[in-house]
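1. Build me a model:
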Amino acid sequence: MSILSHHLLNIGSKLRQLLPAQPCLLCGGMSRDGLCCASCNAELPRHNQPHCPRCALPTPHAEVCGRCLKHPPHFERTLAAFSYSFPVNQLIKALKFHEELILVNFLADELAKRVVQQPDFLLALPLHPLRLRARGFNQSQLLAQRISTKLAIPLLTPGCLRIRDTAPQSSLPWKERDKNMRHAFSLAPQINVAGKHIAIVDDVMTTGASVGELAATLKQAGAKEVSVWVVARTLPHHEGN
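-> Numbering: from 1, shown residues only. Sure, this is the predicted structure:
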C-alpha cells in the first residue's frame, strides 16, 4: 500500500472518530459506522451464495434453475442484497409496519452496492391506493427514490398503477399467489417504456408473483428488458412476505 493510501486511511479514521456515536440498531453498542456497527454489519445475511441469475434462488453453480428453465419469468434477472432471514427480515418489517423510515437509506444503499448494469429507468412496485392510504407510504417507492438519487438513474413517477386491491401475498399459500396478482397493474398513460431496460424495485421477493406480473405488464408495453432489484430474497426454507 502506498504512503498516499495510508494517509487517506488515516484521514478517514480521524473523520469517523469526529462523528457522533449512535447506538447500533441491532446490538445497541455505540457505533460511528452508521445505523449498524461494523461487527453487526459484517454478520448480516448477504445474498452471496451461488444462485439462479433469473430468480436468485440458490443453485449449485449459479446456473439457471429448473423452474426458470421450465417456466421462464417475464424478467431477465434478479438482484438481491440479502437473504430474507434474521435480522434483515425484522428490519424490513420494522420499515413496512412500524414506520421506521430511518432504515430506507441503509437498505437501499446496500442494494445499490450490488448494481453492475444500470437500466434506463427504475420503477417501484406500487401499492393499491387503499393500502397506500392505510399505510401512509410505499416502502418500495422510498427505496427506489434513494437508489435513483444515489446511482443517477431516472425513476418513473408516476409509473404504474395497482388497479386491483389484491390480498396480501404473505396471507396466501405459494400456489395461489400468481393467480392473486393477475391483471393487477396498469402503466400510467404518459409512460413510454418501449425498447427500454426497466428495473423494478421492491423490498422482498418470495415467489416472484408480484414482480413477475408487473414485468409482464412492462413487456406488453414494449419494454426490451426487465430486471428485479430487491432488498431481500426469501429462500425456500423461510417464510416471507
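2. Pick out the residue closest to the middle of the protein.
-> Central residue of the chain (Cα atoms, centre = their mean): V230, 2.1 Å from the mean position.
3. from memory that residue sits against L79, does it?
-> Yes - taking Cβ atoms under 8 Å as the definition, V230 is a contact partner of L79 at 7.3 Å. For the C-beta atoms, the positions are set from N, CA and C on the backbone; glycine is no exception.
4. Mutual contacts of those two, please.
-> Common neighbours of V230 and L79 (criterion: Cβ atoms under 8 Å, 6 or more residues apart in numbering): 56, 111.
5. what comes up buried for stretch 114-124?
-> By neighbour count with 16 or more other Cβ atoms under 10 Å, stretch 114-124 contains the buried residues 115, 119-124.
6. just curious, which of those residues is nearest to F185?
-> Among the buried residues of stretch 114-124, L123 lies closest to F185 (Cβ to Cβ), at 10.1 Å.
7. partner residues bridging the closest one?
-> I200 (DSSP bridges).
8. What is the strand or helix carrying the residue nearest to the centre of the chain packed up against?
-> Assigned by DSSP states H and E, V230 belongs to strand 225-233. Strand 225-233 is packed against strand 77-83, helix 88-98, helix 103-112, strand 197-205, helix 209-220, with contacts defined by 3 or more Cβ pairs under 8 Å, 6 or more residues apart in numbering; DSSP states H and E.
9. Looking at those, which is nearest to L142?
-> So among those, helix 103-112 is nearest, using Cβ to Cβ, at 4.7 Å.
10. Tell me which other helices or strands that closest one touches.
-> strand 77-83, helix 88-98, helix 139-151, strand 225-233.
11. same thing but 10 Å
-> Packing partners of helix 103-112 (3 or more Cβ pairs under 10 Å, 6 or more residues apart in numbering; DSSP states H and E): strand 77-83, helix 88-98, helix 139-151, strand 197-205, strand 225-233.
12. Can you tell me how far the nearest residue to A62 once chain neighbours are set aside is from E63?
-> Nearest in space to A62, with sequence neighbours left out and distances taken as Cβ to Cβ, 6 or more residues apart in numbering, is P50 at 4.1 Å. Here P50 is placed at a distance of 8 Å from E63 (Cβ to Cβ, to the nearest Å).
13. how far out from the middle of the chain is stretch 141-151?
-> 10 Å (Cα atoms, centre = their mean, to the nearest Å).
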